[in-house]
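*Asks:* Turn this into a model:
(one chain, ligands or ions: 1)
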Amino acid sequence: VTAPRITLLSLGAGVQSTVLALMAASGELPRLDGAVFADTRWEPRRVYDHLVKLGAVLESAGIPLYRVSKGNLRQDSLDPDHRYASVPYYVRNPDGSEGMGRRQCTSEYKLAPINRKVRELLGAAPPDYRRVPKGRICEQWIGFSVDEIGRVSDKDGVSYIHKRYPLIELGMSRADCERWLRRHGWPEVAKSACIGCPYHGNRQWRELRDHYPDEWADAVDFDAAIRRGGARGLPLDGQAFLHRSRVPLDHAPIDRVTRREWADRQGDVFDVLADQELEDGDPDGCSPYGCRSGLPVVEAEVMTP
Ligand code: SF4
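*Replies:* Okay, the predicted model is just below:
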């Protein structure tokens, strides 16, 4: 595709962007010129299986699925010879204070490779695909639903991309998307995120431990390997963790019964919200497009490359 104007779906491969892909493939939404998936090469097996299935549907509708990648986030994070892309680990500083590493992984491993592909498809010249010829525009669909309207932002906007949020235009919530998927024979769509993403809530960690032991073992190994901060290390003996309790993952309190589970308890609303986040993970999860609106964190300067 090299055209003055193209329409591409940013495919995270979770519930919402899957709905957009299937709607475009079936003609319920206008046809796409392509869907772009940014692969950190550390997604769970079921996400890759889902992509294969979805890719086949898109292909039969004449919509190419482009998989782009900056590299293997897991390997790169542990490789001292690799330029360090910070993952937002939970940090305990030597003075006992707590912080969190900066999140650069999303912009480097998702946003940058997607934008590069967009520039390529808009006719930018190889090998760097830096400069988009004048007047060429990509309409980029992003799968935020109405309940995520707070994530709409133009913070990382670039002139050659016009973002569009078709689910919000359709007034569809995440629950509507889940219903739509069930009706169309896609009942199980896994949340797409790196196997060892620190934004996992207890529910996701338990799911890994109880149903995907190889991926759990992988996350536990990775957690141990980053204790000193990964490839770059933390000065002054700080420690980094994947679980927000700042306890090694295989001992972290992921079975903790949240207050929310005590049905008869009249809970403080902030407790309930905090419990919910601990259980389900950060509500913002990993999107290249929305700013994080989770709890404020003290950045551990030491994580800056
Ligand atoms: S899923 Fe987590 S670890 Fe992976 S890129 Fe997103 S924030 Fe980083």
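*Asks:* Please identify the buried residues of stretch 74-82?
*Replies:* By 16 or more other CB atoms under 10 Å, the buried positions in stretch 74-82 come out as R74, D76, S77. Any C-beta I mention is one placed from the backbone N, CA and C, and that applies to glycine too.
*Asks:* element containing R74?
*Replies:* Applying DSSP states H and E as the criterion places R74 in helix 73-78.
*Asks:* Dump that helix to PDB, keeping only the CA atoms.
*Replies:* The C-alpha atoms that make up helix 73-78 are tabulated as PDB, following Å, rounded to 0.1, in the frame of the first residue of the first chain:
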ATOM      1  CA  LEU A  73      12.000  -7.100  25.200                       C
ATOM      2  CA  ARG A  74      12.800  -9.800  27.700                       C
ATOM      3  CA  GLN A  75      16.200 -10.500  26.300                       C
ATOM      4  CA  ASP A  76      17.100  -6.900  25.700                       C
ATOM      5  CA  SER A  77      16.200  -6.000  29.300                       C
ATOM      6  CA  LEU A  78      18.800  -8.500  30.600                       C
END
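*Asks:* For it, what does the pLDDT average out to?
*Replies:* The pLDDT scores in helix 73-78 average 92.
*Asks:* Next secondary structure element downstream of it?
*Replies:* Using DSSP H and E, the first helix or strand after helix 73-78 is strand 90-92.
*Asks:* The helix or strand that that following strand is followed by - contacts with which helices or strands?
*Replies:* Using DSSP H and E, the helix or strand that follows strand 90-92 towards the C-terminus is strand 98-100. The contact analysis (3 or more CB pairs under 8 Å, 6 or more residues apart in numbering; DSSP states H and E) places strand 98-100 against strand 90-92.
*Asks:* Just checking: what are the partner strands of the strand it packs on?
*Replies:* strand 98-100 (antiparallel), strand 239-241 (antiparallel) (DSSP bridges).
*Asks:* So for that strand, mean pLDDT?
*Replies:* 92.
*Asks:* From the chain's centroid, how far away is that strand?
*Replies:* Counting by CA atoms, centre = their mean, to the nearest Å, strand 90-92 is centred 21 Å from the centre of its parent chain.
*Asks:* quick one: contacts of stretch 129-143?
*Replies:* 3-12, 14, 16-20, 32, 116, 118-125, 160-167, 289 (CB atoms under 8 Å, 6 or more residues apart in numbering).
*Asks:* Can stretch 23-38 be said to contact the ligand?
*Replies:* No: Stretch 23-38 does not reach the ligand (CB under 6 Å from any ligand atom); its nearest approach is 8.7 Å.
*Asks:* Residue numbers of this structure in contact with the ligand?
*Replies:* T40, L73, V87, R103, C105, T106, Y109, A193, C194, C197, Y199, C286.
*Asks:* pLDDT score for the fourth one?
*Replies:* In other words, R103. On the pLDDT scale, R103 gets 86.
*Asks:* I'd like the distance from it to D218, if you could.
*Replies:* 21 Å (CB to CB, to the nearest Å).
*Asks:* When those two are compared, which one has more neighbours?
*Replies:* Set R103 next to D218 and count neighbours by other CB atoms under 10 Å: R103 wins out with 20 against 17.
*Asks:* For my notes, confirm the more buried one occurs in a strand.
*Replies:* No: under DSSP: H, G, I helix; E, B strand; the rest coil, R103 sits outside any strand and is assigned coil.
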